[in-house]
Every structure is written in C-alpha cells, then in structure tokens.
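**Q** need the 3D shape of this:
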Amino acid sequence: MSGVAGRSGRVAKPLDQHALDGTRTHIPGKFRNPATPMGDPEPPDALGKEARAEWVRMLERMRMMKILSPIDAKSLSEFCQVHALAVRLQKTVDDLPDLTFFKVSVDGAGVEHVEPKIHPAVAKLLSARLAVNKLLKDFGLTPDSRGRVRIPTGDEGKEENALERLHRKAAAIRRVRSSNPVAAGRTS
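**A** The predicted model follows:
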C-alpha cells in the first residue's frame, strides 16, 4: 500500500528465482541480488541435545530438496531451538491432569463468577507450534509452501522455441483427452 509506513509492498524476488521462473526481464544495473552460496551451514555451539538432533534432521531434508545454504544458519538455529522448546512444552502438557482450569472471581456485588481458562503451558505450546510452522514455511518445508520453492534443474538458460512449445501443448492436450472421454468425444 502506498503511503502507509512499513507497508511498502512485497519483497522483490531474487534474480535467481526470476531465472528459474522464466520471468527475468531487464533490471536496472545498480539493483542486483547476490547469488546464494550453496553448502552446509555450521551448527552453533548453543544448541541443546534436542535442538541439535533436529538440526541434523533438517539438514538432511534440506539437502534432499537442494535448498541448503550457509547463510541459513541463524534461521535454522532459531527453528531448531523453537522446535526443542515445543518438544519440552509437549512433555509438560502431556503430564497435566487437565488442559483447562477455572478462574474464580468475585464482582463488586459479591457474586462469584467461574470461567474456564486454557492452561498457560497449553497456550505456550500452541504459540511455539505456530512459530515452528512459520519457520517451516520460510524454508519451504510445508505442503503449501513447497510449491513456491524452485530448485535449479540445469536447463534454466535454455530457450524454448515455438516448435517445442507447440509440441508440449499438443502433448498436454492429448493427455487431457485420453483421460477424459467427454473431451475426446467418446460418450457411452
């Protein structure tokens, strides 16, 4: 939105992402996105046992998706620590006799009011789970966010000519017609 402080629109796509999407156009010379280095980030020393185990699991997942970069160390560390906190909170919540409690208050007229409240440990667990989910989305590791992550395939620089586009579209039409009898004109 224009004119609103702190809301200047969405963040620009990196040039590498434009190249993968095929949407790269002329971009003024002084605005360049640095290339993201690939490789394993170093784990910080401050990670606890559970956080370090999650670090190893996440590295393996990110290697499989080919989205691992050393500059992700801070975000990955934050994710692992929040995940470890969520695991500890889950153990605490599992040991609770009840997930709610009753708050008893007395108003000015001396009438007692009883209202159910969620246990603070449950509220903290829900908050930690939301933070974990947000960080997973940032890394493209949820079903919803995975579709937005593009992985280099090696043929980004290859231009598709008109004949190749035509063949690709014809093959798609044939697939649709073969799977849909109405579209193919075969009705019974």
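
**Q** so what's residue 35 scoring on pLDDT?
**A** We have a pLDDT of 66 for residue 35.

**Q** which SS class is the most centrally placed residue in the chain?
**A** A centroid search over the chain (C-alpha atoms, centre = their mean) returns residue 137, at 1.1 Å, as the residue closest to the centre. With DSSP: H, G, I helix; E, B strand; the rest coil as the basis, residue 137 sits in helix.

**Q** ok, it - contacts?
**A** 144, 145 (C-beta atoms under 8 Å, 6 or more residues apart in numbering). C-betas here are computed from N, CA, C, even on glycine.

**Q** how does it look with 7 Å?
**A** Going by C-beta atoms under 7 Å, 6 or more residues apart in numbering, residue 137 touches residue 145.

**Q** what does residue 145 give?
**A** Residue 145 neighbours (C-beta under 7 Å, 6+ apart): residue 137.

**Q** in terms of pLDDT, where does it sit?
**A** On the pLDDT scale, residue 145 is placed at 78.

**Q** same check, this time on residue 1
**A** pLDDT at residue 1 comes out at 48.

**Q** name the surrounding residues that touch stretch 122-135.
**A** By C-beta under 7 Å, 6+ apart, stretch 122-135 touches 75, 78, 79, 82, 83, 85, 86, 89, 90, 93, 99, 142.

**Q** so for it, what gets flagged as buried?
**A** 122, 124, 125, 128, 131, 132, 135 (16 or more other C-beta atoms under 10 Å).

**Q** and what about residue 104, helix, strand or coil?
**A** Residue 104 ends up strand, using three-state DSSP.

**Q** my guess is it contacts residue 116. True?
**A** No. With contact defined as C-beta atoms under 7 Å, residue 104 does not reach residue 116; the gap is 10.9 Å.

**Q** averaged pLDDT, stretch 67-87. What do you get?
**A** 90.

**Q** run the chain-centre distance for it.
**A** Relative to its chain's centre, stretch 67-87 lies at 12 Å (C-alpha atoms, centre = their mean, to the nearest Å).

**Q** may I have it exported as PDB, CA atoms only?
**A** What follows is stretch 67-87, C-alpha atoms only, in PDB (Å, rounded to 0.1, in the frame of the first residue of the first chain):
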ATOM      1  CA  ILE A  67      17.900 -25.700  -0.700                       C
ATOM      2  CA  LEU A  68      20.700 -25.700   1.800                       C
ATOM      3  CA  SER A  69      22.900 -22.600   2.200                       C
ATOM      4  CA  PRO A  70      25.400 -21.500   4.800                       C
ATOM      5  CA  ILE A  71      23.600 -18.200   5.200                       C
ATOM      6  CA  ASP A  72      20.600 -20.000   6.600                       C
ATOM      7  CA  ALA A  73      22.400 -20.900   9.800                       C
ATOM      8  CA  LYS A  74      20.700 -18.300  12.000                       C
ATOM      9  CA  SER A  75      17.200 -19.100  10.800                       C
ATOM     10  CA  LEU A  76      17.800 -22.900  11.000                       C
ATOM     11  CA  SER A  77      19.200 -22.500  14.500                       C
ATOM     12  CA  GLU A  78      16.200 -20.500  15.600                       C
ATOM     13  CA  PHE A  79      13.900 -23.200  14.100                       C
ATOM     14  CA  CYS A  80      15.700 -25.900  16.000                       C
ATOM     15  CA  GLN A  81      15.600 -24.100  19.300                       C
ATOM     16  CA  VAL A  82      11.900 -23.300  18.900                       C
ATOM     17  CA  HIS A  83      11.300 -27.000  18.000                       C
ATOM     18  CA  ALA A  84      13.200 -28.100  21.100                       C
ATOM     19  CA  LEU A  85      11.000 -25.700  23.200                       C
ATOM     20  CA  ALA A  86       7.900 -27.200  21.600                       C
ATOM     21  CA  VAL A  87       9.000 -30.700  22.500                       C
END
